[in-house]
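Asker: sequence first, predicted coordinates after that:
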Amino acid sequence: MPLDYLGTGLIYENPKPQVRSRHGYFPGLALLPSGELVALFVVAEALEAADATTWVARSRDLGTTWELEGPLAARPDPLEMPASDYLKPTALANGTMAAIGYRFHRGDSDQGISFEATGGILPGDDIICFSRDGGRSWGRPRVIPRTRPELLEISGPCLELRSGGLIAPAAPFRMPDGSNPSGQLGILLRSTDKGETWSDDTVFFRSRSGNLTPFESRVCGDAGRSTGRDRLGLRYECMPELPQPSGGFSR
């Protein structure tokens, strides 16, 4: 299907590149009932920098111009483990917004996200937080409990079903030592109570030889709007098992 180019809007630009390094990446958009667009994206001094955190921007003209609103999360508690977070937005039918994703624990700010010696990834938490005022303020992140030892890459937004339940596709990162106890597979996180509790027992992808991981997974559908039934589609990028550690964090 051909696409029509309508124009370009700039969500983020480093205001003082001569003073400090700041990059904006991993964006996600949500359209509110008011017609506003809310963008969540990560700002950091480098791709694997420990200061990475999710920021919020807003557009009232369908993306032509944007107002930067600052970091999504409040200043972290100094007693908590430092973390870098990566979140994507969803506008829910009850008027709230959800931001789902994950965070890496950054106790050592000089350690990158990946361990070159093992091919493993930093430990962390899968998280979700909510806004009740159109993304202008957000509650503290809630940890999504896992039955699997690996941190799950939830790289896209969750999808609300006709029932009001939420689903989000995910894939397991490797453990810091490079191991992958759950195997290479795709996991569908499900919540039947609007994000209060979650299950991770549904597997949506497993290759015959078990050597592919579906990273960058996205789920889409009409959530029953046209048929009365949820019609869903999944898209993902399969990453083969690496024969040896390669280092580098890529999303």
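Answerer: Right, received. Where do you want to start?
Asker: wait, isn't residue 190 in contact with residue 202?
Answerer: Yes. At 6.1 Å, residue 190 and residue 202 qualify as touching, with contact defined as C-beta atoms under 8 Å. In short, each C-beta sits where N, CA and C put it, glycine included.
Asker: neighbour count: those two, which is higher?
Answerer: residue 190 (17 against 12; other C-beta atoms under 10 Å).
Asker: check the gap between that one and residue 179 for me.
Answerer: 26 Å (C-beta to C-beta, to the nearest Å).
Asker: one more: residue 113?
Answerer: Going from residue 113 to residue 179 by C-beta to C-beta gives 17 Å.
Asker: neighbour count: these two, which is higher?
Answerer: Neighbour count, other C-beta under 10 Å: between residue 113 and residue 179, residue 113 has more, with 21 against 13.
Asker: who's in contact with that one?
Answerer: 48, 84, 104, 121, 122, 249 (C-beta atoms under 8 Å, 6 or more residues apart in numbering).
Asker: residues in contact with the residue nearest to residue 132 when sequence neighbours are not counted?
Answerer: In this structure, residue 132 finds its nearest non-sequential neighbour in residue 96, 5.2 Å apart by C-beta to C-beta, 6 or more residues apart in numbering. Residues near residue 96 by C-beta under 8 Å, 6+ apart: 130, 131, 132.
Asker: stretch 44-57 - what's its average pLDDT?
Answerer: The pLDDT scores in stretch 44-57 average 97.
Asker: check the separation of the first and last residues in it.
Answerer: From its first residue to its last, stretch 44-57 covers 15 Å (C-alpha to C-alpha, to the nearest Å).
Asker: contacting residues around it?
Answerer: 11-12, 20-25, 38-43, 66-73, 82, 84-87, 99, 101, 106, 109, 111-114, 135, 249.
Asker: residues of that stretch that come out buried?
Answerer: 44, 47, 48, 49, 50, 52, 53, 54, 55, 56, 57 (16 or more other C-beta atoms under 10 Å).
Asker: and if you look at stretch 17-36?
Answerer: Buried residues in stretch 17-36 (16+ other C-beta under 10 Å): 22, 23, 24, 26, 28, 29, 30, 36.
Asker: could you dump these into JSON lines with secondary structure and distance to residue 141 added?
Answerer: Output for the buried residues of stretch 17-36, formatted as JSON lines (DSSP: H, G, I helix; E, B strand; the rest coil; distance: C-beta to C-beta, whole Å):
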{"residue": "22", "secondary structure": "coil", "distance to residue 141": "22"}
{"residue": "23", "secondary structure": "strand", "distance to residue 141": "22"}
{"residue": "24", "secondary structure": "strand", "distance to residue 141": "20"}
{"residue": "26", "secondary structure": "strand", "distance to residue 141": "16"}
{"residue": "28", "secondary structure": "strand", "distance to residue 141": "16"}
{"residue": "29", "secondary structure": "strand", "distance to residue 141": "20"}
{"residue": "30", "secondary structure": "strand", "distance to residue 141": "17"}
{"residue": "36", "secondary structure": "coil", "distance to residue 141": "23"}
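Asker: okay, those residues in CSV with pLDDT and distance to residue 206 next?
Answerer: Below are these laid out as CSV (pLDDT from 0 to 100; distance: C-beta to C-beta, whole Å):
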residue, pLDDT, distance to residue 206
22, 96, 40
23, 96, 35
24, 97, 35
26, 97, 26
28, 97, 27
29, 97, 31
30, 98, 31
36, 97, 40
